[in-house]
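Student: When you get a sec, could you give me coordinates for this:
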Amino acid sequence: MSVHLQRDMDSIHRDLLSMCAQVEDMIHQAVDGLKKPSVETAERLKKLDDKIDDWDVRIENDCLKILALHQPVANDLRRICSVLKIIAELERVADLGVHIAERACGLMARPDVFVPEKLKEMANRAIDMLRRAIDSYVELDSKLARKLVAEDAQIDELNREIIRELTQRMQQSPDQVEPLMHLFSASRHVERVADHATNIAEDVVYMVEGEIIRHRNLE
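Tutor: Numbering: from 1, shown residues only. Model prediction:
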């Protein structure tokens, strides 16, 4: 790898890590807002989402410049292709943060509505998956990435448990159907965070091993 290519790759690497840290923080704020909803939080996250969009465009442009100027091959080419996919996943996770905050605002009129503890647990696990997916990218650890892909089923099961609990509460308290539907949507958005983390892990496997594992049962 040439000195100039290494410099440009390092720059992209730093921007991707900064983008990921901001996205993680957005999801934390959005989930915390389910118990203390506020319009201010939702507006702040929308502004942060604009910054994530800017990062997405800037990093993509930098990747395209590398492809045009350096014409990387083999491992370097796979890394650039993987970065393009990863930033797209992160941008979608940021969108989910905004959606969760919007669902939280729907709870403001009913502060008495119960927020399942499992929802916070699922959010923490989904964010942890996202962090470890990026760790697997940084460390070029395809074993960790494959482990994360397998963990997605656990998040799916947590989501189903939350949906069952919310459905039961709707049946018991018809007057709370509307706010509970907001929690229903929020749970689905959190589950999607784990899906995007899984997609990133699959991209890491491709980057390290050159194998496409999407749509496969790793077991």
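Student: Which helix or which strand is home to Pro111?
Tutor: For Pro111, there is no helix or strand it lies in under DSSP states H and E.
Student: tell me the phi and psi of it?
Tutor: Dihedral pair for Pro111: phi -70, psi -10, per degrees, to the nearest 10.
Student: pLDDT wise, what is it at?
Tutor: Listed pLDDT for Pro111 reads 73.
Student: any idea how far it lies from Val205?
Tutor: Pro111 sits 44 Å away from Val205, taking C-beta to C-beta, to the nearest Å as the criterion. Yep, even glycine has a C-beta here, placed from its N, CA and C like the rest.
Student: can you give me the helices in this protein?
Tutor: 3-32, 39-70, 74-105, 117-139, 142-172, 177-209 (DSSP state H).
Student: Pro111 and Val205: which is more packed in?
Tutor: A direct count of neighbours by other C-beta atoms under 10 Å for Pro111 and Val205 places Val205 higher, at 24 against 10.
Student: tell me the contacts of the more buried one?
Tutor: Val205 makes contacts with 142, 145-146, 149, 211, 213, as judged by C-beta atoms under 8 Å, 6 or more residues apart in numbering.
Student: again, 10 Å this time
Tutor: 82, 136, 141-146, 148-149, 211-214, 218 (C-beta atoms under 10 Å, 6 or more residues apart in numbering).
Student: which one of these has the most neighbours?
Tutor: In the contacts of Val205, the most neighbours by other C-beta under 10 Å go to Ala145, 27 neighbours.
Student: Surely it and Val138 touch.
Tutor: No. Ala145 lies out of contact with Val138 (C-beta atoms under 10 Å); the separation is 11.3 Å.
Student: Now do the shared contacts for these two.
Tutor: By C-beta under 10 Å, 6+ apart, the residues touching both Ala145 and Val138 are Val204.
Student: isn't Ile27 right up against Leu45?
Tutor: Yes. Between Ile27 and Leu45 there is a contact under C-beta under 10 Å: 9.4 Å.
Student: and for the two, which residues touch both?
Tutor: 94, 97, 100-101.
Student: what's the closest of the residues you listed to Pro37?
Tutor: The nearest member of the shared contacts of Ile27 and Leu45 to Pro37, counting by C-beta to C-beta, is Ala101 at 8.1 Å.
Student: Let me know how buried that closest one is, in neighbour terms.
Tutor: Count around Ala101 with other C-beta under 10 Å applied: 30.
Student: start at 503 instead
Tutor: Yes, from this point I'll number from 503; that puts the last item at Ala603.
Student: That one and Ala544 touch, don't they?
Tutor: Yes. Using C-beta under 10 Å, Ala603 is in contact with Ala544, at 4.0 Å.
Student: Need the residues touching each of those two.
Tutor: 531-532, 535.
Student: What ranges in the chain fall below the confidence cut-off?
Tutor: Low-confidence segments of the chain (pLDDT under 70): 503, 718-721.
Student: Could you rerun that using 80?
Tutor: The chain contains residues with pLDDT under 80 at 503-504, 611-614, 717-721.
Student: Right, I'll leave it there.
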